[in-house]
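Undergrad: Quick one, fold the following:
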Amino acid sequence: MTAFAVRHGGTRQLAGTGTLLRFALRRDRLMIPVWIAVTALMVLSMPGTLEGLYGTPAERAELIRQMETNSSLRAMVGPVFGDSLGALTAWRVGIYAGALAAVMSLLVVVRHTRDEEESGRHELVASGTVGRRASLTAALLAAAVANAVLALLVTAGLAGQGTAGALALGLGIAGVGMVFATMAAIVAQLTESARLARGLTAAVLGTAFVLRAAGDSGTDDGSSVLTWLSPLGWLENLRPYAGERWWVLALLAGAVVLQGALAYALAGRRDLGMSFLPTRPGPASGRLGTAAALAWRLQRGGVLGWSIGFFLAGVVYGGMTEGAADLVGDNDNARRIIERMGGQSGLTDAFLASMIGMLGLVAALWIVASVLRLHGEETSGRAEPVLANAVGRLRWATGHLVIAFGGAALIMLLAGLGFAVGYGRQTGPVLSACLVQLPAVWVVGGVAVLLHGVLPRAAVAAWGVAGAVLLIGWVGPALDVPRAVLDVSPFGHLPKLPGGSMEWGPVAVLTGLAVLLVAAGLAGLRRRDMTT
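TA: You can find the predicted model right below:
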């Protein structure tokens with residue numbers, strides 16, 4: 001990518017890249033380590049978990065047989081290519097680790113390209129001795145550094161299972177991350193909004209996951225054309241620990257080079273702040289006559305995308321419930337892990353509760369992103385024209401918070417409807433189980449409101465809170481961590497539904513805590529100076 005930029009304008013095009021890279025890494029000194037830690041720990045904790053679940057050759061052979069005949073589970077995690085602990089680790093978490101690396105990468109690139117232009121900071125930087133393509137290069141290098149660190153951690157952590165397989169998995173995960181980093185770099189040139197750039201790149205990632213899932217549901221060896229159309233399918237077909245196909249890395253590298261070259265070419269053909277796809281002007285009156293209407297217009301795309309995603313996830317997880325029960329079978333260790341996640345109320349109910357709990361953890365990411373929209377509007381200067389009119393701070397903030405907290409309720413409701421459609425039973429209990437996740441989701445959102453209101457410069461730390469909660473919820477039960485650790489997360493105090501008994505006390509306490517956090521955050525916002 002750097003060589004391409006040099007050939008198209010000389011070293012002056014890259015002047016200041018090192019300084020911008022250091023600045024980018026400094027700005028992301030919290031976000032990047034959190035993403036890397038969550039992804040790496042998810043991967044590195046899996047061999048020990050799998051050894052406890054499938055410790056004998058007979059258990060592993062039965063697992064492979066079940067996966068060959070269970071299309072719904074293949075759609076979720078892909079086919080199994082080997083019976084070693086390394087191969088099972090790559091099967092169980094490889095796709096999801098690649099997806100997390102992709103999300104991290106697209107966030108980093110968009111933040112340091114389109115976000116900088118949208119906020120006006122890049123214009124100030126560009127007035128100095130900074131090359132035309134320095135900002136894009138620094139953003140891609142920041143993503144490359146993050147993915148390289150992740151690859152090193154995965155490779156070093158899994159080397160005990162086999163060096164070649166560990167290296168293949170580490171490079172594959174990092175390769176997927178860089179594919180979506182360069183994809184985000186292209187989209188950032190095409191769109192005028194950072195929000196739209198993130199949304200479109202995330203939509204491409206979602207499409208890649210759907211293509212891979214559709215392909216894997218039809219074949220048990222990853223050979224479907226649909227699977228090969230997805231970068232996540234390339235990671236799967238790299239086959240770490242199962243006769244590595246090193247040539248698949250060339251596909252990832254080729255996609256990175258081609259997309260990077262296109263991003264550089266587009267960056268050299270547009271004016272600062274402009275885009276190839278013009279933003280449609282909105283109405284000056286009517287539907288945008290209130291701060292709440294403006295907030296809805298800004299966030300409606302995110303609400304729609306997350307709603308569709310949660311409904312489809314509910315359908316998929318609901319449809320695989322019976323198959324999951326068959327897969328666990330008489331495996332006591334697998335049963336205990338599911339019961340730690342979902343309760344002691346029978347395997348089917350426990351599996352439903354654990355899957356619903358996982359969606360609740362993901363919903364925490366939604367509410368943080370939606371709440372921090374306030375922070376983005378404030379730091380970009382777009383909030384100032386709104387607040388300069390007869391709109392108070394609380395009224396402006398309330399419009400966004402209604403969407404954030406109400407949107408969390410909507411996506412969990414749609415997830416429940418999806419479970420009801422996929423599973424075909426227990427509609428009422430499943431809906432209740434989804435909605436009971438909301439108090440914990442709202443607590444995480446309340447923390448984001450508090451940080452934005454009281455410590456706006458540390459508002460991004462809300463992602464760290466969400467990441468920690470996600471890590472505890474995903475990895476904690478598998479590692480059988482002490483109850484005191486699980487209780488750090490608000491999700492650890494929720495009743496295990498369906499199947500368990502409804503406990504209103506913890507729900508009421510969590511709801512009250514969320515209200516207090518939001519109130520404290522709004523009080524801080526009302527009294528402090530606005531940041532730019």
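Undergrad: so what's the residue lying closest to residue 79 once chain neighbours are set aside up against?
TA: Spatial nearest neighbour of residue 79, chain neighbours left out: residue 220 (5.0 Å); criterion: CB to CB, 6 or more residues apart in numbering. Heads up, the C-betas are built off the backbone N, CA and C, glycines and all. With CB atoms under 8 Å, 6 or more residues apart in numbering as the criterion, the residues that contact residue 220 are 67, 68, 74, 79.
Undergrad: What is the neighbour count of the first one?
TA: Okay, so that is residue 67. For residue 67, the neighbour count with other CB atoms under 10 Å is 20.
Undergrad: for the residue nearest to residue 79, helix, strand, or coil?
TA: For residue 220, the assignment made with DSSP: H, G, I helix; E, B strand; the rest coil gives coil.
Undergrad: Can you give me the pLDDT of it?
TA: Looking at residue 220, its pLDDT reads 77.
Undergrad: now the helices for the stretch 101-250 of the chain?
TA: For the stretch 101-250 of the chain, the helices defined by DSSP state H, counting those that start in this stretch cover 114-119, 121-126, 134-158, 163-190, 194-218, 225-228, 231-237, 248-267.
Undergrad: Pull up the gap between the closest residue to residue 205 other than its chain neighbours and residue 198, please.
TA: Among residues not flanking residue 205 along the chain, residue 102 sits closest, at 5.2 Å (CB to CB, 6+ apart). According to CB to CB, to the nearest Å, residue 102 and residue 198 sit 12 Å apart.
Undergrad: Compare the two and say which is more crowded by neighbours.
TA: residue 102 (28 against 24).
Undergrad: my read: that one touches residue 174, true?
TA: No. Residue 102 lies out of contact with residue 174 (CB atoms under 8 Å); the separation is 10.5 Å.
Undergrad: for this structure, longest helix please?
TA: Identified as the longest helix of the chain according to DSSP state H is helix 393-423.
Undergrad: which other helices and strands contact it?
TA: Secondary-structure packing of helix 393-423 (3 or more CB pairs under 8 Å, 6 or more residues apart in numbering; DSSP states H and E): helix 291-319, helix 347-371, helix 373-379, helix 383-387, helix 427-435, helix 438-454, helix 504-527.
Undergrad: repeat that with 10 Å
TA: Contact analysis of helix 393-423 by 3 or more CB pairs under 10 Å, 6 or more residues apart in numbering; DSSP states H and E lists helix 291-319, helix 321-328, helix 347-371, helix 373-379, helix 383-387, helix 427-435, helix 438-454, helix 504-527 as its packing neighbours.
Undergrad: quick one: it to helix 291-319, angle?
TA: 20 degrees (axes from the mean of the first three to the mean of the last three CA atoms, to 10 degrees).
Undergrad: per-residue confidence averaged over helix 393-423?
TA: On average, helix 393-423 scores 89.
Undergrad: Go through it and flag the buried ones.
TA: Neighbour counts over helix 393-423 (16 or more other CB atoms under 10 Å) mark 393, 396-401, 403-405, 407-420, 422-423 as buried.
Undergrad: try stretch 155-166
TA: So stretch 155-166, judged by 16+ other CB under 10 Å, has buried residues 155, 157, 158, 161, 162, 165, 166.
Undergrad: residue contacts, the residue nearest to residue 150 when sequence neighbours are not counted?
TA: In space, and not counting its chain neighbours, residue 150 is closest to residue 36: 5.0 Å by CB to CB, 6+ apart. Neighbouring residues of residue 36 by CB atoms under 10 Å, 6 or more residues apart in numbering: 100, 101, 104, 146, 147, 149, 150, 152, 153, 154.
Undergrad: before we move on, which element is the first one in?
TA: In the assignment (DSSP states H and E), residue 100 maps to helix 85-111.
Undergrad: so how far is that helix from its chain's centroid?
TA: Computed by CA atoms, centre = their mean, to the nearest Å, the separation of helix 85-111 from the middle of its chain amounts to 9 Å.
Undergrad: and it, what's its mean pLDDT?
TA: 90.
Undergrad: Then stretch 150-163?
TA: 94.
Undergrad: residues in contact with that stretch?
TA: Residues contacting stretch 150-163 (CB under 10 Å, 6+ apart): 32, 35-37, 39-41, 43-47, 84-90, 94, 97, 100-101, 104-105, 165-175, 177, 240-241, 244.
Undergrad: again, 7 Å this time
TA: 36, 39-40, 43-44, 47, 84-86, 89, 101, 166-167, 169-171, 173-174, 241 (CB atoms under 7 Å, 6 or more residues apart in numbering).
Undergrad: Apply the buried test to those and list what passes.
TA: The buried subset of the contacts of stretch 150-163 - by 16+ other CB under 10 Å - is 36, 39-40, 43-44, 47, 84-86, 89, 101, 166-167, 169-171, 173-174, 241.
Undergrad: Could you check the angle the helix holding residue 100 makes with helix 347-371?
TA: Computed by the same axes, to 10 degrees, the angle separating helix 85-111 from helix 347-371 equals 20 degrees.
Undergrad: Verify the contact between residue 230 and residue 208 for me.
TA: Yes. At 4.2 Å, residue 230 counts as touching residue 208 under the criterion of CB atoms under 7 Å.
Undergrad: What separation do you get for residue 195 and residue 358?
TA: Separation of residue 195 from residue 358 (CB to CB) stands at 26 Å.
Undergrad: got a list of what the residue nearest to residue 517 when sequence neighbours are not counted touches?
TA: Using CB to CB, 6+ apart and skipping residues adjacent in sequence, the residue nearest residue 517 is residue 446, 2.9 Å away. Listed by CB under 7 Å, 6+ apart, the contact set of residue 446 reads 513, 514, 517, 518.
Undergrad: residues contacting the second one?
TA: With contacts defined as CB under 7 Å, 6+ apart, the neighbours of residue 514 are 439, 442, 443, 445, 446.
Undergrad: In contact with the residue nearest to it when sequence neighbours are not counted, which residues are there?
TA: Once flanking residues are discounted, residue 514 sits nearest to residue 442: 3.8 Å by CB to CB, 6+ apart. Shown in contact with residue 442 (CB under 7 Å, 6+ apart): 405, 408, 511, 514.
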